[in-house]
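**Student:** how does the following fold in three dimensions:
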Amino acid sequence: MVAVAREDGKPVEQLPPTGSIPVRVPGDVFRGRQNQPLKILLVAAEVAPFAKVGGLADVAGALPKALKAMGHDVRVVMPRYGSIDVEKYGLRRIVTNLGVPLAHQPVNADVLEGRIAGEVPIYFIDNQQFFGRDGMYGFWDDDARFIYFSRAALEMLRPLDFRPDVIHVNDWHTAVIPNMLARLYAADPFYADIATVLTIHNLAFQGVFGYGALNLADLEQWGLIKPGMPGLDDIVNLLGRGLFFSDVVNTVSNRYAEEILTPEYGEKMDPLLRVFRSKLHGIINGIDYDVFNPLTDASLVAPYDIASIEKKVENKLALQKQVGLPQDPAIPVIGLISRLYDQKGLDLIANIMWGLMRLNLQLVVLGAGDARYEEMFRANARDNPGKVSATIGFKPVLAQQIYAGSDMFLMPSRFEPCGLGQLISLRYGTIPIVRATGGLADTIDDWDPVQQTGNGFVFTAYDHWDLFAQVVRALETFRQASPWRRLQANAMSTDVSWGNSAEKYVGLYRAAMGNHAESREYSAAATDPYSW
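**Tutor:** As a prediction, this is how the structure comes out:
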């Protein structure tokens, strides 16, 4: 499909930024800004390496580096949580006593500045009443905390003398920013031309609160979201407001962008998503090649790359020794690094554990989550001491060693917006066994032993026997040295860097600027029909 712009009254065709979904770009934007560097502000609740709970932090830490390498002026802002060491990261205070409106009253914050990997400026909103706590999420006042952070991200721009072309917001924590720009800042020339992009990393988390959230955001005069859709009528859904007000929306894979339009994956938001499907896109995440590089990874006993893949077995033997399993290069090792919840397909694994224990394999588990799954893996490690190792929790160094030392990597997810584990495992030549959903479907191609193509093992139905069959296929292929080496080479040759994805985000930013300019022209000529 193509994007259609209008230049001098004539259609202009361009590839859409995602490669699959059309975008309309007004002709004046197409002519004037197509090749100019952009000014971008990325706003996120977590950014690696400063604070991380999930994959959002990895995206927010790596994408800006790729954008800067392309020549764009990109900056990042996040809360200054109590766990962030000011001295360790060399943060300096650049704004003090910034009055941030919250429920019609100014609440002061400071702004600190640091660098991501010594390159990208990152700002920290410092209010320890809201963010100086033990943990990042799950507090009774999370609505106030992240509405305040969102407002502060906007208020800091003027004293910093930074007016971005695009503000890139992420998940429900910052999804209210497009709403604020449209309703509180639209008459201010400093903010009026700023376009917005909303990235949905996981639709299951929507920021659902009571009506008081609107008062906190100073938005109560604009009414409530009343789309007449079950589950959305009598609540304040911050992600839903972001979906409505943002200029462009994307998810973190093409497949997930399609899946969330259906009731099965839409988390009760699918009716609203279908209304705005014309501005919904999918861009797969990448991984930071500086962080995930088996040739330079200090966690490994034997660095390697595609030309020295034979050294990978040394990491396997080291992993087996470290986790207390028999050292034997002939025994296939399957790694599992995951949050231990139903979403990750743990129920499928539970249903076939008895069968897996009868196969010639070793299972190395690292993760935490649902107590029943934690206990399941602990029990199997006790009952099968030579076959299962279970480490409950998360240890970054051990995670790297599992990626490098395993032969296969298990991700049988029920749904997976993008997935990070399969991308890292590809980089390390560890073969993914995945279910074809979301980003897993976009990144893993099933192994074809005849054509010698593919980079993993894929099953489609959410069925434990289908998973078991793919594990058996993987074990059988592992026993054939030449095909297995080709499969490893295919995996390590897969481009999972941020380069391609960053280019697509730039296309999305330009489309958002075009949409925003067009909507402002429309607003000037018509009365807004919405009372949101």
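**Student:** surely residue 41 touches residue 78?
**Tutor:** No: Residue 41 sits out of contact with residue 78 when judged by CB atoms under 8 Å, with a separation of 11.4 Å. Yep, even glycine has a C-beta here, placed from its N, CA and C like the rest.
**Student:** quick one: low-confidence parts of this protein?
**Tutor:** 1-34, 220-234, 522-532 (pLDDT under 70).
**Student:** domain-wise, how is it divided?
**Tutor:** Here the domain parsing of the chain from automatic domain parsing is 3-286+500-516, 306-493.
**Student:** nearest to residue 292, of the ones you listed?
**Tutor:** Set against residue 292 and scored by CB to CB, the domains of the chain come closest in domain 306-493, at 5.1 Å.
**Student:** so how far is the closest one from its chain's centroid?
**Tutor:** 21 Å (CA atoms, centre = their mean, to the nearest Å).
**Student:** what's near enough to touch the nearest residue to residue 157 once chain neighbours are set aside?
**Tutor:** Nearest non-adjacent residue to residue 157, counting by CB to CB, 6 or more residues apart in numbering: residue 163, 6.4 Å away. Counting by CB atoms under 8 Å, 6 or more residues apart in numbering, residue 163 touches 39, 157, 190-191, 194.
**Student:** that older thread, now the domains of the chain as CSV including distance to residue 292?
**Tutor:** Below are those laid out as CSV (distance: least, CB to CB, whole Å):
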stretch, distance to residue 292
domain 3-286+500-516, 10
domain 306-493, 5
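**Student:** hey, where'd the strands end up in the stretch 401-532 of the chain?
**Tutor:** For the stretch 401-532 of the chain, the strands defined by DSSP state E, counting those that start in this stretch cover 408-411, 431-435, 457-459.
**Student:** in its sheet, which strands sit next to the shortest one, and in what direction?
**Tutor:** It stands for strand 457-459. strand 431-435 (parallel) (DSSP bridges).
**Student:** just the CA atoms of the strand it pairs with, as PDB, please.
**Tutor:** Output of strand 431-435 as PDB, limited to C-alpha atoms (Å, rounded to 0.1, in the frame of the first residue of the first chain):
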ATOM      1  CA  ILE A 431      17.200 -20.600  18.200                       C
ATOM      2  CA  PRO A 432      13.700 -19.300  19.300                       C
ATOM      3  CA  ILE A 433      10.800 -21.700  19.700                       C
ATOM      4  CA  VAL A 434       7.700 -19.400  19.500                       C
ATOM      5  CA  ARG A 435       4.000 -19.100  18.900                       C
END
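**Student:** who's in contact with that strand?
**Tutor:** 334, 345, 407-414, 416, 419, 421-422, 425-426, 440, 444, 455-460, 462, 467, 470-471, 474, 487-488, 491.
**Student:** just the buried residues from those, in PyMOL please.
**Tutor:** In PyMOL, a selection of the buried entries from the contacts of strand 431-435 looks like this (16 or more other CB atoms under 10 Å):
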select buried, resi 334+345+407+408+409+410+411+412+413+414+416+419+421+422+425+426+440+444+455+456+457+458+459+462+467+470+471+474+487+488+491
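**Student:** so of the contacts of strand 431-435, which ones are in helices?
**Tutor:** 421-422, 425-426, 440, 467, 470-471, 474, 487-488, 491 (DSSP state H).
**Student:** tabulate those in a markdown table, adding columns for distance to residue 520.
**Tutor:** Shown next, in a markdown table, are the ones in helices among the contacts of strand 431-435 (distance: CB to CB, whole Å):
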| residue | distance to residue 520 |
| --- | --- |
| 421 | 42 |
| 422 | 41 |
| 425 | 45 |
| 426 | 43 |
| 440 | 39 |
| 467 | 51 |
| 470 | 51 |
| 471 | 55 |
| 474 | 54 |
| 487 | 52 |
| 488 | 52 |
| 491 | 47 |
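**Student:** taking the residues you listed together, which two end up most distant?
**Tutor:** Going by CB to CB, the pair spanning those furthest: 467 and 488, at 21.6 Å.
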